[in-house]
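> Everything below, folded, please.
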Amino acid sequence: MKPADHRHWDGIRPALPPMLERREAGRTLALATLLAACLAARALGQLADLAGFADFLAGYQMLPPALLRPAAALLPAVDLAIALGLLLPRLRQAAAHGVVVMAMSSGVLLSVTLLRGIPLAKCACLGVFLAQPSTVVFPLDAFVLPGLALTLIIWRPGRPT
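Below is the predicted model of the structure:
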């Protein structure tokens with residue numbers, strides 16, 4: 001026998017009261033803004049010294065020298081585009097997927113580089129001026145942002161539960 005409110009059982013989420021809907025939307029916006037701020041900070045730090053960031057990318061030994069400068073300019077530009085997308089409601093979901101792809105790609109490239117025995121002396125995620133020494137936890141940093149982005153993808157106002 002079905003309960004009186006069959007919408008839950010049919011996979012349709014009952015409408016939330018307006019106050020709760022606004023609260024959910026506020027949480028989503030706060031998380032999107034946090035992610036956008038992280039990406040923008042990273043991009044601006046990298047753009048502050050493109051030559052230094054290109055030298056950092058050379059340490060991965062995955063790109064030919066001719067592609068280092070274009071890659072050093074392209075990566076922060078993509079981060080800024082994704083950050084902007086996170087702040088625009090219509091693009092937020094696509095941008096959150098972009099965060100996952102960029103961060104996971106970065107984590108995989110970092111892990112492959114370390115597994116190849118190539119030592120990386122520092123992390124220039126926030127640019128060469130704020131470079132941090134490399135540690136065992138170094139690759140794990142690349143998996144925090146996609147975790148937050150997945151939260152944004154899964155948890156959003158109006159999504160059926």
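
> The worst-scoring helix or strand of the chain on mean pLDDT: what's the following helix or strand?
Across the helices and strands of the chain, mean pLDDT, DSSP states H and E gives its lowest value to strand 132-133, namely a mean of 62. On the C-terminal side of strand 132-133, the closest following helix or strand by DSSP states H and E is helix 144-154.

> Quick check: Thr151 touching Leu31?
Yes - between Thr151 and Leu31 there is a contact under Cβ atoms under 8 Å: 6.5 Å. All C-beta atoms are positioned from the backbone trio N, CA, C, and that covers glycine.

> what are the ranges of the helices in the chain?
According to DSSP state H, the chain carries its helices in the segments 18-47, 50-58, 65-87, 92-115, 144-154.

> Please tabulate those helices in TSV and include mean pLDDT as additional columns.
Formatted as TSV, the entries for the helices of the chain read as follows, by pLDDT from 0 to 100:
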stretch	mean pLDDT
helix 18-47	83
helix 50-58	89
helix 65-87	96
helix 92-115	88
helix 144-154	83
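
> Now mean neighbour count too, for those helices, in TSV please.
As requested, the helices of the chain are arranged in TSV below (neighbours: other Cβ atoms under 10 Å):
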stretch	mean neighbour count
helix 18-47	17
helix 50-58	18
helix 65-87	17
helix 92-115	17
helix 144-154	17
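
> The closest residue to Gly98 other than its chain neighbours and Ala94, how far apart?
The spatially closest residue to Gly98, leaving aside those adjacent along the chain, is Ile82, at 4.3 Å (Cβ to Cβ, 6 or more residues apart in numbering). Spatial separation of Ile82 from Ala94 under the definition Cβ to Cβ, to the nearest Å is 9 Å.

> wait, what's in contact with the residue nearest to Gly98?
By Cβ atoms under 8 Å, 6 or more residues apart in numbering, the contact set of Ile82 is 39, 95, 98-99, 102.

> rerun that using 6 Å as the cut-off
Going by Cβ atoms under 6 Å, 6 or more residues apart in numbering, Ile82 touches 39, 95, 98-99.

> and what of Thr113?
Under the criterion of Cβ under 6 Å, 6+ apart, the contact list for Thr113 reads Tyr60.

> if you set the cut-off to 7 Å instead, what comes out?
Contact partners of Thr113, counting by Cβ atoms under 7 Å, 6 or more residues apart in numbering, are 60, 120.
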